[in-house]
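Chemist: What follows is a predicted protein model with its sequence.
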Amino acid sequence: MRASLLLCLCLASVALGDIYLHHLRGSNGRLNEDGNNRNNANRLMDTQNNAEGGYCINAEEGTQEYFYEKSLLQIEWTAQHGCGNGRNRCNFVIQYMCADVTDPAVALRDGDGSTTDTIPDDPVEFMKIGPSGRYVYGMHESYAYYQDCKARFRNRGLWIADRNLNGNDARYTRQNNNGDRFGFECTEERDYYPYWAPNPWIDVAVLTDDLGLCPYYKKESGNVKGGGVCFLPGSKEPTKLDGQSCAKIQGASWILQPNGRPAPECLEAPQMRENQLGNAANLNHIVKAANYNWTLPSSKDEPCIKGNCSCVLRIRYNISTDDIVGFGDSFTDYTQNKDNNKKQVGILTNNPTISVEAVNLTLALNTAQHGRTFQDRSHSFRIVQRPSGVSDNARIYNLNVRGKRGNIVQTYPSVEYDFVPNNLEVRKGDYIHFQWMGCDHNPAGNAGEGKDKTDRSNIVQIPNDASSTLKYSQFMNTADAPLFDSPSTRNSFAGLNQVNCDPDTNDQNNDQNCKKLNAAPAYFDGGLFLQNSTGVKYFMSTRNNNFSNRDQKGVITVSNFLPTWGIAVVVVGSVFFAASAAVAGGVFYAKLHPTSQLANVFQNLK
């Protein structure tokens, strides 16, 4: 019981450690507001991030991206305080949850775009339907889940330093001592991982700077161990007691409720420099955006995929320092809190003064932030069944777009446009689903091509990744590896199926300027394409590839299932196997027919 109550400390962060999800499009609490800052930090969740972060969506349209079950989706992010550099203790926890959108009590939704107000804590109002026929308010965690959080005692075995918590339920933590509400998120669950009470999140992966903790993460994951609930003697209904209170009641049972999914993957965290929002280095010292390749769940894992399944992705960034210990027999717990009644100083206090060679110096230390959790979440998306004709074992890759309108300063802490992945390697016989989402609510005046405030992307094949212009017809007539075989498909990806175009206008803000993609919608679904020809295929977005200002290019490499040398090995092996089989068959025949000519041949070979 003690171990389950007093863990979770080094899974939290030091000040200014923001994390921003770039793909999928991270919301950071933003919806469709036009300003540089999000309107409401309390709308869905407590990110602890800068208000300028996040990507908008056209919530008023209600369009969602969708992804096929068991397809491969690349997740990308940046984290301000780094990881894997030895200067902190850190991990990234990737989670998701899905719900049936036909059930108003649990349906995940962004909101209809009419308001960025926080969803009401009211059993009727939280399900309010607007004139569009859609839910007015955004919601991730459910109303019922938040009621359970309010009723459950907080874990009183946790280290809270010198913080005064103004309540005793699970909404009050060291990071949120006033129990402020952020959507229907439960603060204690947000701040501590793995969490000891039931919650809707499914663990996908943990990327840690200490691989020695992987057995712990796998064992304690909600997928495997699950959250606990307390049953009193003779009762079939769970109480709202926490584990510590439950243990004090004779005959009470603390029952764990795992969600039944496999243990999360546990990998080494990417190496990231602190005090910047940049790329990371992997184990092979290749520098690119910090990323994780997620294989999406199937309908066996999420039954709502067979119907109408809405989902959201969350990435948590937990960092700490060696000043506090989160695990092992000497973990930092409530015995290290400051307690004036017990004359207990505590292991850390706010802004302490230290003496260095008789010089008094004040440390910048905030106990609400020393050991801290940040997070970002995607906007809602759908996971759907595979189309008929695509086998369950076929590999499906997703190719999408990240970024927002603006130059590098204007988009910060978000990023400029790029394809995701921008270097995709697949095999002949694999599928690629081309799809991307933009927004029409970027801040006015941000740098970019085409109509102000809008995102648009297209795909045009180019000879190589250093190209910025081309004689298209001449190139395509001689291209060895066309990205799309059909001219009509190439037309669709280049022009995004625009209509009502004015071919004579060059006005950047004219809705009929199709040369700048102004007549195209913010969302484009190119569809699923079987890769049936090998080669290296380069492409760019004509609107956003503005040399020396921004670059939006990608490359797809399609290889045979086996490389040439692999095919040669298989051929030689097959020939050898066939020859061996023939010899063995001949020997067997000769033994059965000792007077035959074949028997004489083997006799002469002795």
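Modeler: All right, it came through fine. What you see is a predicted model, and the numbers here were worked out from it, not measured in a lab.
Chemist: Which helix or strand lies directly C-terminal to the worst-scoring helix or strand of the chain on mean pLDDT?
Modeler: Among the helical and strand segments of the chain, the one scoring lowest on mean pLDDT, DSSP states H and E is helix 2-5, with a mean of 37. Going down the chain from helix 2-5, the next helix or strand is strand 19-23, by DSSP states H and E.
Chemist: Not counting that next one itself, show me its contacts.
Modeler: Contacts made with strand 19-23 from outside it, assessed by C-beta atoms under 8 Å, 6 or more residues apart in numbering, are listed as 26, 28, 47, 49, 53-55, 74-80, 92, 277, 289, 313, 315-317, 374-378, 400, 402-403, 413-415, 420. Placement of C-beta: from N, CA and C, glycine included.
Chemist: Tell me, what's the model's pLDDT at V204?
Modeler: According to the prediction, V204 has pLDDT 98.
Chemist: Helix, strand or coil: sort out it for me.
Modeler: Under the three-state scheme (DSSP: H, G, I helix; E, B strand; the rest coil), the conformation of V204 reads as strand.
Chemist: which stretches of the stretch 451-600 of the chain form strands?
Modeler: Using DSSP state E, counting those that start in this stretch, the strands of the stretch 451-600 of the chain run over residues 460-462, 523-530, 535-540, 553-559.
Chemist: Tell me which of those is the most buried.
Modeler: Using mean count of other C-beta atoms under 10 Å, the stretch among the strands of the stretch 451-600 of the chain with the largest mean neighbour count is strand 460-462, at a mean of 22.
Chemist: Who are the packing partners of it?
Modeler: For strand 460-462, the helices and strands in contact under the criterion 3 or more C-beta pairs under 8 Å, 6 or more residues apart in numbering; DSSP states H and E are helix 472-478, helix 487-495, strand 535-540.
Chemist: do you know which of the ones you listed lies nearest G389?
Modeler: Shortest distance between G389 and the helices and strands packed on strand 460-462, using C-beta to C-beta, is found for helix 487-495: 18.0 Å.
Chemist: Now do that closest one and strand 535-540, the angle between them.
Modeler: Note on geometry: by axes from the mean of the first three to the mean of the last three C-alpha atoms, to 10 degrees, helix 487-495 and strand 535-540 are set 40 degrees apart in direction.
Chemist: Report the backbone C-alpha coordinates of helix 487-495 in CSV.
Modeler: Extracted in CSV, the C-alpha atoms of helix 487-495 (Å, rounded to 0.1, in the frame of the first residue of the first chain):
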residue,chain,number,x,y,z
PRO,A,487,-2.5,12.9,-64.0
SER,A,488,-5.9,13.5,-62.3
THR,A,489,-4.5,12.5,-58.9
ARG,A,490,-1.5,14.8,-59.4
ASN,A,491,-4.0,17.6,-60.3
SER,A,492,-5.9,17.0,-57.1
PHE,A,493,-2.9,17.1,-54.9
ALA,A,494,-1.5,20.2,-56.6
GLY,A,495,-4.7,22.2,-56.9
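Chemist: list the buried ones in it?
Modeler: Buried residues in helix 487-495, counted by 16 or more other C-beta atoms under 10 Å: R490, S492, F493, A494, G495.
Chemist: ok, Y68 touching L528?
Modeler: Yes - with contact taken as C-beta atoms under 8 Å, Y68 and L528 are classed as touching, separated by 7.4 Å.
Chemist: Tell me the residues that contact both of the two, please.
Modeler: When contacts are counted by C-beta under 8 Å, 6+ apart, the set common to Y68 and L528 consists of P387, V390, I396, H433.
Chemist: of those, buried ones?
Modeler: Neighbour counting by 16+ other C-beta under 10 Å classes I396, H433 among the shared contacts of Y68 and L528 as buried.
Chemist: so where's the stretch 51-200 of the chain uncertain?
Modeler: Applying pLDDT under 70 to the stretch 51-200 of the chain flags no residue at all.
Chemist: Quote the end-to-end distance of stretch 164-173.
Modeler: Taking C-alpha to C-alpha, to the nearest Å, the first and last residues of stretch 164-173 lie 9 Å apart.
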